[in-house]
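>>> I would like to see how this sequence folds:
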Amino acid sequence: LLQPTRHTFAALVDAAKARGALSRVRWILAEMLSMSTRAEVSEDPLRAPLVDEEVMMRVFQAYAVYGPPFVRSATRVHDAEDVQGTETVEDVGREASEAGKEVTDRKSSFSSTPPQTSGEVITEATLLFERIVHDRAQNLNELSGESSTSGTRYFKHVELGTRLLNSYLSVYYRHGNLGD
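Below is the predicted model:
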């Protein structure tokens, strides 16, 4: 039975990234993490480090090129008189923006649907990057002899390098508001 390698998965991520199919990239990453965990349990040295800096760099690049389906600036209010009460269109837009930030701030895990707004894209990319940093820190603590909490460290083989950081920052460059 043939098993896909890291290079096979990297090619699949590149193909999905080229099509802007973030949902496929997310699925491929989930499969890689699942296979990597199973390989570590079976102690297969050829399969264990499926997720590394190169793969995560490509995943962050996929987040950067992804075009979310909802763009707030593209929405229009056709008739300002349709707005109820004394609120202006600017007030409604500001409230909707604040509500969106609250939902994004509370979100701590991935949903089954791909991100619908640029804010959600940034939130997911940040969650991934924070998890990489967390897993690397736990791995370094374990190597230095300190005890750490048990749990699966999916990203312990991911090195924090310049290319990974640049790919992560490209998500902010593409989807963030540079004025803030």
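>>> longest single helix anywhere in the chain?
Determined from DSSP state H, the single longest helix within the chain is helix 118-143.
>>> Mind giving me the packing neighbours of that helix?
When contacts are defined as 3 or more CB pairs under 8 Å, 6 or more residues apart in numbering; DSSP states H and E, helix 118-143 packs onto helix 53-65, helix 89-106, helix 162-175. In short, each C-beta sits where N, CA and C put it, glycine included.
>>> Which of those helices has the lowest mean pLDDT?
With a mean of 44, helix 89-106 has the lowest mean pLDDT of the helices and strands packed on helix 118-143.
>>> Mind exporting the C-alpha coordinates of stretch 128-139 to CSV?
The C-alpha atoms that make up stretch 128-139 are tabulated as CSV, following Å, rounded to 0.1, in the frame of the first residue of the first chain:
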residue,chain,number,x,y,z
LEU,A,128,-2.0,28.4,13.2
PHE,A,129,1.1,30.5,13.9
GLU,A,130,0.4,30.7,17.6
ARG,A,131,0.0,26.9,17.7
ILE,A,132,3.4,26.5,15.9
VAL,A,133,5.1,28.8,18.4
HIS,A,134,3.4,27.0,21.3
ASP,A,135,4.4,23.5,20.0
ARG,A,136,8.0,24.6,19.3
ALA,A,137,8.3,26.1,22.8
GLN,A,138,7.0,22.9,24.4
ASN,A,139,9.4,20.9,22.3
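>>> Contacts made by that stretch with the rest, please.
For stretch 128-139, the surrounding residues in contact (CB atoms under 8 Å, 6 or more residues apart in numbering) are 56, 59-60, 148-149, 153-156, 158-160, 164, 168.
>>> Go again with 6 Å.
Residues outside stretch 128-139 that contact it (CB atoms under 6 Å, 6 or more residues apart in numbering): Ser148, Arg153, Phe155, Lys156, Val158, Leu160, Tyr168.
>>> Identify the residues contacting Gly67.
Residues near Gly67 by CB under 6 Å, 6+ apart: Gly20.
>>> What about it? Give its phi and psi, please.
In terms of degrees, to the nearest 10, the main-chain angles of Gly67 are phi -100, psi 100.
>>> before we move on, back to that, select from the contacts of stretch 128-139 every entry located in strands.
Using DSSP state E, no member of the contacts of stretch 128-139 falls within strands.
>>> From those residues, list the buried ones, please.
In the contacts of stretch 128-139, burial by neighbour count holds for Arg153, Phe155, Lys156, Val158, Tyr168, counting by 16 or more other CB atoms under 10 Å.
>>> Which one of those residues is nearest to Ala18?
Nearest to Ala18 among these is Tyr168, at 19.5 Å by CB to CB.
>>> Redo the contacts of stretch 128-139 as JSON lines? Include distance to Pro4.
JSON lines is the format used below for the contacts of stretch 128-139 (distance: CB to CB, whole Å):
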{"residue": "Ser148", "distance to Pro4": "30"}
{"residue": "Arg153", "distance to Pro4": "22"}
{"residue": "Phe155", "distance to Pro4": "19"}
{"residue": "Lys156", "distance to Pro4": "20"}
{"residue": "Val158", "distance to Pro4": "19"}
{"residue": "Leu160", "distance to Pro4": "25"}
{"residue": "Tyr168", "distance to Pro4": "25"}
